[in-house]
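**Student:** Quick one: sequence plus predicted model below, questions after.
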Amino acid sequence: MDTSIWRPILYLIGVMAFAGVNAAWLGWCERKGAGHIQRRIGPKEVGPYGLLQPLADGIKLMTKQLLVPQGVDGILFRVAPVLAMIPAITSMVAIPFSATFHARPIELSVLLIFALASIGMMAILLGGWASNNKYSLISAARSVSQNVAYEIPMLITVITIVMLSGSMNLEEIALQQKGGFWNWYIFPIAGQSIAQAIIMPVSFLIFFTCSVAETNRAPFDMAEAESELIAGHMTEYGSMGFGLFMMGEYLNIVVGACLTAILFFGGWDSPLPFIPSGVLWFVLKIYLLIFTFIWIRWTYPRTQIYKLLNLSWKILIPFSLAILLLTAVFIKIEGILI
Amino acid sequence: MNEYWRDILYGTKSLLIGLKVTGPEFFKPVITEQYPHFVPVMKERFRGHIELTRNEETGGSNCVVCGMCQRACPSSCITVEGEKPEGSKKKVLTRYILDFTKCSLCGSCVESCNFNAIQFSREYNLASTNKSDYIFDLVKRLEEQR
Ligand code: SF4
Ligand code: SF4
């Protein structure tokens, strides 16, 4: 393995740039998407097509005072926004953009990413707790119960994938799905048994629903819930504290889309074998998924907290468990037959 | 148990229908007007503040300074003044002041005028922080429109 000093440096620069650009311009994409879904234009004043709007917003946020209100827990209050960004950026280290294009091949990359994802939730918890504000506190409590509820079906679906591929390495998982869309885990007609192909789309739906919930996006944005909780855990934050929370949210979406693309859509694999695979396919897939995130957000109203928990505990968890069980059975039968 | 499955099926279906509704909207042309860049022209029926109607022949006003509008206005917004030039029988309008701060756009003035001398304008860009901006001199306005 190449362990020269250039690799971490390049990773740092590359990921920071990728993360920064995504965090800033996904906000633009979201506003444009929201605009066009509502038949408006969205941002248009700053730069062509409003493309410089994120810069203007960034400058505005940075020039504002970073106010720490009285009565808050000073340290935790300052740590929380940083904690919202760090896990998302760190996750990028484990994501393979193509067979040759990744920061560092890690054997247990799936594990690493999910470990980091659960730290991301800590940011909301700490921010909500440290703010000493009833809305923030309710938001923190909600987001914890939501994340606990949705991490379980998500992890169970991932275990299904890990069982199918026999690896916890994202690169390995993507390589297993090589050679055309019929090998992808969303609908693995070839490679796996037909029965497996029937249950995998359900598995994908569960995973996708969970990643929407994990990233606190509408219709599962119970933590933010402007109409009831003002801005939830972000109520007391202004300036870049708020900016970091927003950027963290968008980065989490990027990580979620990357994971979905790798676990279910073959990563950088091209849909047809005669078209060359590569990083462009990966980028295309993640942005299509991100568009779906935005599309979903501007379609559905926010759910209620108990309906959200019901969905997880009554539907997603039993279903994901059943799929896990069936997958184990299918793999066993296949093992016997071959 | 039946209800459980029905919930899931109908739920999924209705969610998909929701996506189907919003998805195509994304690709349709926008319908909002880009206000400060494109200023829409108001429709015929729009009731802005009143203005003096132009007489196409003389280019001046139809007003004979009868004072009906002034009396009809419930908020006393209107001040009309005129004078009789030497040798003329009719009065000529010299001053027509509308205090728009009090006007409720009721239309009594337009209705009361028998000489078709006032009408609603189609002006709506009237925001100002200065109260005196709303004291309109309609004679001057008529001259400026020429
Ligand atoms: S519209 Fe009504 S309130 Fe306004 S000037 Fe005419 S009569 Fe007075
Ligand atoms: S505007 Fe009409 S009602 Fe008013 S003074 Fe002139 S003629 Fe009379």
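**Tutor:** The structure has been received and is ready for your questions. Ligands and ions are numbered 1, 2, ... in the order given.
**Student:** Any residue of the longest strand belonging to chain B touching ligand 2?
**Tutor:** Assignment by DSSP state E gives strand B:92-99 as the longest strand of chain B. No. Judged by CB under 6 Å from any ligand atom, strand B:92-99 makes no contact with ligand 2; its nearest approach is 6.6 Å. (Glycine included, C-beta is placed from N, CA and C.)
**Student:** Can you name the residues in contact with that strand?
**Tutor:** Applying CB atoms under 8 Å, 6 or more residues apart in numbering or on different chains, the contact partners of strand B:92-99 are B:49-50, B:52, B:61, B:63-65, B:76-85, B:134-139.
**Student:** Which ones, among those, also lie beside ligand 2?
**Tutor:** Applying CB under 6 Å from any ligand atom to the contacts of strand B:92-99, those adjacent to ligand 2 are B:C63, B:V64, B:V65, B:V80.
**Student:** Now the third one: closest residue in space, sequence neighbours ignored.
**Tutor:** What that stands for is B:V65. Spatial nearest neighbour of B:V65, chain neighbours left out: B:G82 (3.2 Å); criterion: CB to CB, 6 or more residues apart in numbering or on different chains.
**Student:** would the one you found count as being in a helix?
**Tutor:** No. Secondary structure of B:G82 (DSSP: H, G, I helix; E, B strand; the rest coil): strand, not part of a helix.
**Student:** Point out where chain A drops to low pLDDT.
**Tutor:** A:1-3, A:103, A:189-195, A:338 (pLDDT under 70).
**Student:** So which residues of it form helices?
**Tutor:** A:6-37, A:53-63, A:74-91, A:109-130, A:134-165, A:170-176, A:194-214, A:226-229, A:239-264, A:279-297, A:305-310, A:317-337 (DSSP state H).
**Student:** Can you name the residues that contact the residue nearest to B:V65?
**Tutor:** B:C63, B:V64, B:V65, B:K91, B:V92, B:L93, B:T94, B:R95.
**Student:** could I get these as TSV with distance to ligand 1, neighbour count and pLDDT?
**Tutor:** Formatted as TSV, those follow (distance: CB to the nearest ligand atom, whole Å; neighbours: other CB atoms under 10 Å in any protein chain shown; pLDDT from 0 to 100):
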residue	distance to ligand 1	neighbour count	pLDDT
B:C63	14	25	85
B:V64	18	17	86
B:V65	16	21	86
B:K91	20	17	82
B:V92	21	14	83
B:L93	16	20	84
B:T94	19	11	85
B:R95	15	14	86
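**Student:** name the element B:F136 belongs to?
**Tutor:** strand B:135-137 (DSSP states H and E).
**Student:** For that strand, name the packing helices and strands.
**Tutor:** Strand B:135-137 sits against strand B:92-99, with contacts defined as 3 or more CB pairs under 8 Å, 6 or more residues apart in numbering or on different chains; DSSP states H and E.
**Student:** Each with direction, which strands does the strand it packs on pair with?
**Tutor:** strand B:78-83 (antiparallel), strand B:135-137 (antiparallel) (DSSP bridges).
**Student:** For the ones you listed, state which one has the densest average packing.
**Tutor:** Stretch with highest mean neighbour count among the strands paired with strand B:92-99: strand B:78-83 (a mean of 17; mean count of other CB atoms under 10 Å in any protein chain shown).
**Student:** hmm, that strand touching ligand 1?
**Tutor:** Yes. Interface with ligand 1: strand B:78-83 contributes B:I78 (CB under 6 Å from any ligand atom).
**Student:** Nearest to ligand 1: which residue in the stretch 151-300 of chain A?
**Tutor:** Nearest residue of the stretch 151-300 of chain A to ligand 1: A:S227, at 39.6 Å (CB to the nearest ligand atom).
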